[in-house]
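**Student:** sequence first, then the predicted structure, then my questions.
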Amino acid sequence: MSRVFSGIQPTGEPHLGNLLGAVRWWIADQRQGDCFYCVVDLHALTIPGDPAELRNGTLTMATLLLAAGLDPEACTLFVQSHVPAHTQLAWLLECTASVGELRRMTQFKDKSARGGEEAARAGLFTYPVLMAADILLYDTDRVPVGDDQRQHLELTRDLAQRFNSRYGETFVVPEASIPPAGRGDRIMDLQDPDKKMSKSSESAQGTIGLFDDPKTIERKVKRAVTDADDGPDAVRYHPATKPGVSNLVELLATIQGRRPEDVAADYTRYGALKADLAEAIIALVEPIQVAYRSLASEPGSVDAVLRSGAKRAEGVARATLARAYEAVGLTLPT
Ligand code: ATP
Ligand code: LTN
């Protein structure tokens, strides 16, 4: 059985991009492989945030993942900070990565641009190394993520290969598993279709939150940016020249499991496309919200899932860490 690992940050409102680009694939994988899914709370500390929000966000995210369809009988769901091996391996990998290659990470450039690199947290710079540690600890074969994580996965592979050639075979070299282009790999912001839909963006109107109510979803979809021309053949799938409408077509196609070109052929004007899209999104998120409310009414059960998840994760992670310690010449306490 192949080993699958992926992670999601607990801060900010989870959105449609997270569901279509990642979580939906996690659910589909959970009975095909031996899957570990992680709420990466340590990664959330790389940007400013409120402790109470992080605390609540971690439980909210775990509850939402279960509500969306993760089955704790079929996969291992846990919180990153509950398994200390993640930060322990991260140090060995920081001593494997170079400053130059971390500098090339576009997510660091984007996220540090706001407040300036000088003020950015050092943890934001080393973020991808902790992510590599997450993945490599579990002898992971496959990592289901959205397209924005491609570069981090390449780095993870480079670090695994470098470590193996320096110290001897220690890590499995993982593959990224990204949805096919146009099938949820990169959902764009509805107000700014050149930017990806993101938890940390300021564009609340451009992001469809998984907790949004039907009215809000309708409004956001209706106001989504398209282009000026709304003639009889305005609906076309052409991301390069019509990014706004192509994103809407792609969303509907992804939800319906069809090709974007086929969906575009069903419509002429924007209005009908937007109405059908809003309806499809509501039908997708409503059952998740219902399940969420029911799970949230008994938080003790989610805690129990996380506790047993951490226990199982710990067993696997500790063995890999011991191998890596041994390989670099650290002595393990007996
Ligand atoms: P942030 O904006 O704070 O970086 P995020 O919205 O990217 O957050 P993450 O927790 O970093 O969310 O990502 C969880 C998963 O969702 C990752 O696999 C990521 O690739 C995927 N993902 C995030 N945004 C999108 C998107 N717009 N389209 C497709 N997949 C996405
Ligand atoms: N960096 C990812 C979140 C993340 C992750 C991981 C994804 C942290 N560790 C391990 C896959 C595997 C993000 O920002 N989306």
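**Tutor:** Looks like it came in fine. Ligands and ions are numbered 1, 2, ... in the order given.

**Student:** not counting its neighbours along the chain, what's nearest Val328?
**Tutor:** With sequence-adjacent residues excluded and distances taken as Cβ to Cβ, 6 or more residues apart in numbering, Val328 is closest to Tyr167, at 5.6 Å. (C-beta placed from N, C-alpha, C; glycine too.)

**Student:** just give me the neighbour total for that neighbour.
**Tutor:** 17 (other Cβ atoms under 10 Å).

**Student:** distance check, it against Ala133.
**Tutor:** 15 Å (Cβ to Cβ, to the nearest Å).

**Student:** swap in Phe108?
**Tutor:** 17 Å.

**Student:** go on, Leu54?
**Tutor:** Where Ala133 is concerned, Leu54 sits at a distance of 20 Å (Cβ to Cβ).

**Student:** repeat that for Cys35.
**Tutor:** 18 Å.

**Student:** can you name the residues that contact the residue in the stretch 151-300 of the chain that ligand 2 sits nearest to?
**Tutor:** For the stretch 151-300 of the chain, the residue closest to ligand 2 is His152, as judged by Cβ to the nearest ligand atom, at 5.7 Å. Listed by Cβ atoms under 8 Å, 6 or more residues apart in numbering, the contact partners of His152 are 105, 107, 128, 131-132, 145.

**Student:** buried ones among those residues?
**Tutor:** The neighbour count (16 or more other Cβ atoms under 10 Å) marks 105, 128, 131-132, 145 as buried among those.

**Student:** just to revisit the earlier point, of Phe108 and Ala133, who's got more company?
**Tutor:** Ala133 (27 against 20).

**Student:** helix/strand/coil for the residue of the stretch 201-334 of the chain at minimum distance from ligand 1?
**Tutor:** Ranked by Cβ to the nearest ligand atom, the top residue of the stretch 201-334 of the chain for proximity to ligand 1 is Ser201, at 6.4 Å. What DSSP: H, G, I helix; E, B strand; the rest coil gives for Ser201 is coil.

**Student:** do the same with Phe78
**Tutor:** From three-state DSSP, the assignment for Phe78 is strand.

**Student:** ok, the nearest residue to it once chain neighbours are set aside - contacts?
**Tutor:** Nearest residue to Phe78 in three dimensions, chain neighbours excluded: Gly309, at 3.4 Å (Cβ to Cβ, 6+ apart). Counting by Cβ under 8 Å, 6+ apart, Gly309 touches 72, 76-79.

**Student:** repeat that for 10 Å
**Tutor:** Contact analysis of Gly309 by Cβ atoms under 10 Å, 6 or more residues apart in numbering lists 36-39, 62, 72, 75-79, 82-83.

**Student:** ok, back up a step: of the buried ones among the contacts of His152, list those near ligand 2.
**Tutor:** 131, 145 (Cβ under 6 Å from any ligand atom).

**Student:** strands - which of the buried ones among the contacts of His152 land there?
**Tutor:** Using DSSP state E, no member of the buried ones among the contacts of His152 falls within strands.
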